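# Turn this into a structure:
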Amino acid sequence: MRLALAEAELAGQGGDVPVGAVVLSPDGTTVIAAGHNEREAGGDPTAHAEVLALRRAAARLGEWRLTGCTLVVTLEPCTMCAGALVQSRVDRVVYGARDEKAGAAGSLWDVVRDRRLNHRPEVVHGVLAEECSAQLTDFFRHR
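Residues are numbered from 1 along each chain as shown. As a prediction, the model looks like this:
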């Protein structure tokens, strides 16, 4: 999560909402890819940290299926990102701060664990939640 927080800091420095994500190898010891929000930087509404990290991980592995991998992200994924997580077949999602307004991994919706879908990753929430929340609060306070 500390690596994801560092990615989030890069997003904030670039004027984007500070959300960062990393994809870990199946053994959990190697960072395959990382990303941070780049919507403002690239003018791309889909350039969320999770989507960018998943794209980069798939490119690095040469495979769209990220079976066994873990995505670690500072903010609970939105519906778009939750859908991407299901489609990428990651085994687990670890997030820090809950997103009561747009979260889709347990707070507002629970897309990633919807029994109607063919893949449901494990969800671990609240990891360094206070630090993740503080980073977002500080960003919006200064904005």
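# And Glu131, how close does it get to Leu117?
Going from Glu131 to Leu117 by CB to CB, to the nearest Å gives 31 Å. (Each C-beta comes from the backbone N, C-alpha and C, glycine too.)
# could you point out where the protein is predicted with low confidence?
Across the chain, not a single residue meets the criterion (pLDDT under 70).
# Let me see the ranges of the helices in the protein.
In chain order, the chain shows helices spanning 2-13, 39-42, 49-61, 79-88, 129-142, with DSSP state H as the criterion.
# in stretch 43-53, what's buried?
Ala47, His48, Ala49, Glu50, Val51, Leu52, Ala53 (16 or more other CB atoms under 10 Å).
# And it, how far out from the chain middle?
Here the centre of mass of C-alpha atoms in stretch 43-53, compared against the chain's by CA atoms, centre = their mean, to the nearest Å, lies 10 Å away.
# And for stretch 34-54?
Distance, stretch centre to chain centre, for stretch 34-54: 10 Å (CA atoms, centre = their mean).
# just stretch 82-91 next, same as before
Worked out by CA atoms, centre = their mean, stretch 82-91 lies 11 Å from the chain centre.
# do the same with stretch 107-118
What separates the centre of stretch 107-118 from the centre of its chain is 16 Å, taken as CA atoms, centre = their mean.
# List the buried residues of that stretch.
In terms of neighbour count (16+ other CB under 10 Å), stretch 107-118 has its buried residues at Leu108, Trp109, Val111, Val112, Arg113.
# Quick check: end-to-end length of that stretch?
One end of stretch 107-118 sits 21 Å from the other (CA to CA, to the nearest Å).
# contacts for that stretch?
Among residues not part of stretch 107-118, those counted as contacts by CB atoms under 8 Å, 6 or more residues apart in numbering are 76-77, 79, 82-83, 85-86, 93, 98-106, 120-121, 123.
# Please pick the buried ones from those residues.
Neighbour counting by 16+ other CB under 10 Å classes 76-77, 82-83, 85-86, 93, 98-99, 103-106, 121, 123 among these as buried.
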